[in-house]
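> prediction below, plus the sequence it came from.
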Amino acid sequence: MTTSSSTDWMNHPELRRLVDDANRLTLAERVTLVKGLIPSIADDQTPEQFAAFVRSEVVSWTPVIKASGIRFD
């Protein structure tokens, strides 16, 4: 993986551990985790609105994830 000063933070051991832990979660567990991280957003929306929010977040974060070399299995 190529790194630079702008992406070095992505290789921090604690961040890598969190990513590894998240990769071991089932999809349902991941959704629960995301809802726990953003409860006010999740609680104030219908399931359809929340799904649209998650899709928009995927679009926003995809370039960051690709640049970091993080892989989701």
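Nice, I can see it.

> if I look at Gly69, how far off is Arg55?
Between Gly69 and Arg55 the computed distance is 23 Å (Cβ to Cβ, to the nearest Å). C-betas here are computed from N, CA, C, even on glycine.

> sorry, wrong one. I was asking about Thr62.
11 Å.

> now Val31
13 Å.

> those two: which is more packed in?
Val31 (15 against 10; other Cβ atoms under 10 Å).

> and that one, what element?
In this assignment (DSSP states H and E), Val31 forms part of helix 27-37.

> can you check Arg71 too?
Going by DSSP H and E, Arg71 is not in any helix or strand.

> give me the number of residues near it?
9.

> ok, now which ones touch it?
Going by Cβ atoms under 8 Å, 6 or more residues apart in numbering, Arg71 touches Asn23.

> and it, what pLDDT?
Arg71 carries a pLDDT value of 72.

> quick check: it vs Thr46, distance?
The value you get for Arg71 to Thr46, if Cβ to Cβ is used, is 32 Å.

> please apply the same query to Val58.
The gap separating Val58 from Thr46 is 19 Å, by Cβ to Cβ.
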